[in-house]
Structures are given as C-alpha cells and as structure tokens.
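K.L.:
Here's a sequence, model it:
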Amino acid sequence: MVHGRWRWRRGGVRNGGPIDPPDRKGPPQSSHAVEAARGLPNTGAEEGAGTLILEYRRYYSAIVARTAASLTATVALALGVATAGSSASPLRYLQAWAGPSHSPQIGVTASGYSPRPRIVKHLSPGTYQISIVASEALGFQLTGPGFNRHTRVVTQQIPGSNYATNTHWTIRLRRGVYRYHAIGPYAGGLHPASGSFQVP
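P.N.:
Prediction:
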C-alpha cells in the first residue's frame, strides 16, 4: 500500500474490505441491460415470454379438450341409461290361487282378487310378478316355456293343519302355452283343477 493513494489489486482489500477492480463501476449489469445500454434489441426476454405464453396456451387447450371429451362421454352415458330405462318393459302383476273358497277354485287373473275375477286367456310377453294364494294341502303349479314351479305342499295332510303357503314369483313370459293346476292332498276335490293361458 502506497501512502496518499489507493492501490487496486484483483482479489485484494481496501480499508480491510473486499475491493473491485477500477474498471467496474456500480453494480454488475445483466446481459439484457448491457444490450439495452448498447442500443441492441432485447430479444431473449421477449422470446422467453412468448414461448412461455405459447406453452401455457397449449396446456390450457389440452385441459379444455380433455374436459369437453369427459363431459361428452358422461352425457352420452346418462342418455343411454335413461333411454334403456325408458325402453325396458314395465313390471306387470298377476294374481293366482288354488282353493275351494274361490270361484273358480283355481285360476290366474290380472284384475285382482275378487268374488268373480276375470280369468286370463292371453297375455303379452314380458316380465310379471305373480302373487299366489295357496296352502300346504292345496298348492299351485305353473309350467310353460322354460318355467316349472310350484308352491310348497305336503305329501299327506295332517288333520287340523293346513297352513297357508302364500308367495309371489317373478317370471318372464315367453311365447307359448302356460298351464297351471292344483297339487297336494286335496287337489282332487277342486273343480276345475287346472287351466291355461297363451302368450302369442
């Protein structure tokens, strides 16, 4: 160090602190600032911003496209379910019985239980729920295309016991002839003891 003047050295100290070389005045400047000071166009920042905006627009457009496709698929699925539900045939109801207190004593109707019900002779294809009034001594059996079912009955009637075996079945009627008849220990005493209906 020489008295009366500062001595500059790269990496040296001035008054105990770090010093800068004499050719660097003020804070360091970025390359963009230098280009601006020299009158050059600052193309790097503009190109970077433009690229960022372009990438963001592409990303946003992709999100919008995926969202629209998802909503379209959801709406199509909902419409398909609604259409399938509306086109499905509704569940229809029938009533059947086997017993001496009814007239006739065995039959199938679609008009409900009544003193003189209208016995069905023809039914449209489709799904039906049949409610059946029967007992363990007088059962009801229905047979037809792909169907053969009967209520619970006993093979030998015990005096003083004739429990109800009322039930209901869900059946899909197909084209053909369906026959029903009484079964059980007391079936021989019914008149008529059988019947039928057709599904055209």
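K.L.:
Would you mind giving the secondary structure of Q156?
P.N.:
coil (DSSP: H, G, I helix; E, B strand; the rest coil).
K.L.:
count of neighbours near the residue nearest to it when sequence neighbours are not counted?
P.N.:
Leaving out its chain neighbours, the residue that sits closest to Q156 by Cβ to Cβ, 6 or more residues apart in numbering is P185, at 6.2 Å. Placement of C-beta: from N, CA and C, glycine included. For P185, the neighbour count with other Cβ atoms under 10 Å is 17.
K.L.:
need the contact list for P185.
P.N.:
For P185, the contacting residues are A137, V153, V154, T155, Q156, Q157, by Cβ atoms under 8 Å, 6 or more residues apart in numbering.
K.L.:
Would you show me how to pick out the buried ones of those in ChimeraX?
P.N.:
Here is the ChimeraX selection string for the buried members of the contacts of P185, based on 16 or more other Cβ atoms under 10 Å:
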select :137,153,154,157
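K.L.:
Among the contacts of P185, find the lowest-pLDDT one for me.
P.N.:
Least confident by pLDDT among those: that is Q157, with 73.
K.L.:
Identify the residue nearest that one in space, chain neighbours excluded?
P.N.:
P185 (4.0 Å).
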